[in-house]
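Undergrad: Mind folding the following:
(chains A and B)
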Amino acid sequence: MERTCPGVATLRRDQDKATGGRAEDAEAADAALAASGDGSAFERLYRSHAARVHSLVRRMMGPETADDVTQDIFIRAWQKLATFRGEAAFGTWLHRLAVNVILARRTSLGVERGRFDDSAAALETAPSRPHAPDVAMDFDDAVSRLPDGARQVFVLHDVEGYKHDEIADMLGIVPGTSKSQLHHARMALRRHLDR
Amino acid sequence: MMKDNWTDRLSEYVDGTLGVGERAALEAHLAGCVPCAATLEELRRVVARARALDDRPPAADLWPKIAAGIGRAIPARGAVADLGERRPKGLPTGRPKRHLAFTVPQLIAASVALIVLSGGATWLLRARAATTPVGIAPPQARWLTAADRRYETTVAELQGALVEGRRTGRLDSTTVRILERNLATIDTAIAQARRALAEDPGSAYLNHHLADTMRRKLELLRQATALTGTQS
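TA: As a prediction, the model looks like this:
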């Protein structure tokens, strides 16, 4: 059983809850309108969540496909709005949908091959791949250079706030592998803390 | 890199997932192992850094392609009621942020539009209620009901701000009267929609109408509240 450590209570994927009820009210109304076919209401939802979804896709899949996959996520969301019951905030529902689309896309692209190579060497060196020497690689760039498996686990756990059990379920791995990947990713990212 | 048997357990320690016995043993180890203590501090900083990462919007506006993908015509520029508080920071400049400021004539126009809307809706509601059998409430109806409490709280807060605006003289009496009349009209429309929904909970039209009317009330209240900060 996982214990919640101090500071973990407010997760990025639950940030809708932290913004208070007003945004949720407006989004609940917009989701209802969108579910009944109101494109303008859906555009408002898109504009509220585009940055968050796009950033998730970029971190999970890389910048090359981020626009394409983000579009796909919002189109899927439109198609599935009838399944949104309002039991969680719209943003939480959308976020989980986004993760599912990302993971399905990665599987269809065959990106998953070798993703859980957790050899220490691969993880330690990955963020140090050659880049323009005069441009310091920022932390986000360093994350994007992690091997796929470590990057997925790191983004889902440390950036998005999922637990190892949830990540293991989503990725089809055991929780121990998730913990191991996370630790190696963190160890590799230590050198980019000051950039 | 210096590494011992505890190094690979430091992330679990950071996350609080070690058992009580292992946690105590690791803490005893940390007290005497400077490299492990330093690594632990770095791991904590990595975690903090990850949580502080900013979301960045796409460089280009993706909405036109999404609109095409869902088979929607792209609304005219500015057609979307663009409430500032819901726009994320750093949105690309393709759609400039609009600051709406209702004037008294605009409020009157909104009121007239709502009267027409609610009048037409009432006619439709009664016609549909007479012909549509009672069905199972769709998902929208259930969660709309669940959202009612938050909605009512928000409305109460905004109305409180209006009362304060009137008390302090930041809203003149004419504006207050128009606002009160508009809000009464919207409340009537909402009540009508709720009564009709009780008879026909499966109606997509009624769900849409109720949600739209509630949203209009919130928007009107927000803009009216904003007036209390702009009128002198």
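Undergrad: ok, and the helix or strand in chain B with the lowest average confidence?
TA: helix B:104-131 (a mean of 47; mean pLDDT, DSSP states H and E).
Undergrad: Could you do chain A as well?
TA: Result, chain A / mean pLDDT, DSSP H and E: helix A:120-125, a mean of 47.
Undergrad: which is the next helix or strand following that helix?
TA: Next helix or strand after helix A:120-125 toward the C-terminus (DSSP states H and E): helix A:139-144.
Undergrad: Now that next one - C-alpha only, PDB.
TA: The C-alpha atoms that make up helix A:139-144 are tabulated as PDB, following Å, rounded to 0.1, in the frame of the first residue of the first chain:
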ATOM      1  CA  PHE A 139      14.800  20.400 -17.600                       C
ATOM      2  CA  ASP A 140      11.900  19.800 -20.000                       C
ATOM      3  CA  ASP A 141      14.300  19.000 -22.700                       C
ATOM      4  CA  ALA A 142      16.200  16.600 -20.500                       C
ATOM      5  CA  VAL A 143      12.900  14.800 -19.700                       C
ATOM      6  CA  SER A 144      12.200  14.500 -23.400                       C
END
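Undergrad: Got the domain ranges for the chain?
TA: Answering for chain A, as no chain was given. Following automatic domain parsing, one gets these domains for chain A: A:13-111, A:115-195.
Undergrad: please go with chain B instead
TA: According to automatic domain parsing, the ranges for chain B are B:7-51, B:60-99, B:104-230.
Undergrad: Lowest mean pLDDT across those, which one is that?
TA: When the domains of chain B are ranked by mean pLDDT, domain B:60-99 comes last with a mean of 55.
Undergrad: any idea what the residue of chain A found nearest chain B is structurally, helix, strand or coil?
TA: Closest to chain B within chain A is residue A:86: 2.5 Å, counting by C-beta to the nearest C-beta. Any C-beta I mention is one placed from the backbone N, CA and C, and that applies to glycine too. Classification of residue A:86 by DSSP: H, G, I helix; E, B strand; the rest coil places it in coil.
Undergrad: try residue A:37
TA: Under the three-state scheme (three-state DSSP), residue A:37 adopts coil.
Undergrad: And it, how far from residue B:226?
TA: 30 Å (C-beta to C-beta, to the nearest Å).
Undergrad: Between these two, which has more neighbouring residues?
TA: residue B:226 (17 against 14; other C-beta atoms under 10 Å in any protein chain shown).
Undergrad: Does the more buried one lie in a helix or a strand, and which?
TA: Per DSSP H and E: helix B:204-230 holds residue B:226.
Undergrad: That helix - contacts with which helices or strands?
TA: helix A:21-35, helix B:104-131, helix B:139-167, helix B:173-199 (3 or more C-beta pairs under 8 Å, 6 or more residues apart in numbering or on different chains; DSSP states H and E).
Undergrad: what angle separates the last one from helix B:204-230?
TA: Translated: helix B:173-199. Counting by axes from the mean of the first three to the mean of the last three C-alpha atoms, to 10 degrees, helix B:173-199 lies at 160 degrees to helix B:204-230.
Undergrad: Which strands and helices lie in contact with helix B:173-199?
TA: helix B:104-131, helix B:139-167, helix B:204-230.
Undergrad: Grab the most central residue of chain A for me.
TA: When C-alpha atoms, centre = their mean is applied to chain A, the residue found nearest the centroid is residue A:56 (3.8 Å).
Undergrad: That one and residue B:179: what is the separation?
TA: As judged by C-beta to C-beta, residue A:56 and residue B:179 stand 41 Å apart.
Undergrad: next one: residue A:176
TA: For residue A:176, the distance to residue B:179 - C-beta to C-beta - is 61 Å.
Undergrad: Between these two, point out the one with more neighbours.
TA: residue B:179 (25 against 10).
Undergrad: That one - nearest residue in space that isn't next to it in sequence?
TA: Residue nearest to residue B:179 in three dimensions, not counting chain neighbours: residue B:224, with 5.2 Å by C-beta to C-beta, 6 or more residues apart in numbering or on different chains.
Undergrad: I figured that neighbour hits residue B:178, correct?
TA: No. In this structure, residue B:224 is not within contact of residue B:178 by C-beta atoms under 8 Å, at 9.4 Å.
Undergrad: neighbour-wise, which of these two wins?
TA: residue B:224 (24 against 17).
Undergrad: how near is residue B:46 to residue A:182?
TA: For residue B:46, the distance to residue A:182 equals 10 Å [C-beta to C-beta].
Undergrad: intersection of neighbour lists for those two?
TA: residue A:158 (C-beta atoms under 8 Å, 6 or more residues apart in numbering or on different chains).
Undergrad: helix/strand/coil for residue A:173?
TA: What three-state DSSP gives for residue A:173 is coil.
Undergrad: burial of it, as a residue count?
TA: Around residue A:173 there are 19 residues (other C-beta under 10 Å).
Undergrad: Same question for the one 10 residues further on.
TA: Other residues near residue A:183 come to 24 when the count uses other C-beta under 10 Å.
Undergrad: can you check residue B:220 too?
TA: 20.
Undergrad: likewise the one 3 residues further on?
TA: The local packing of residue B:223 (other C-beta under 10 Å) involves 19 other residues.
Undergrad: Residue A:52 now?
TA: 22.
Undergrad: how about low-confidence regions in chain A?
TA: A:1-25, A:108-137, A:194-195 (pLDDT under 70).
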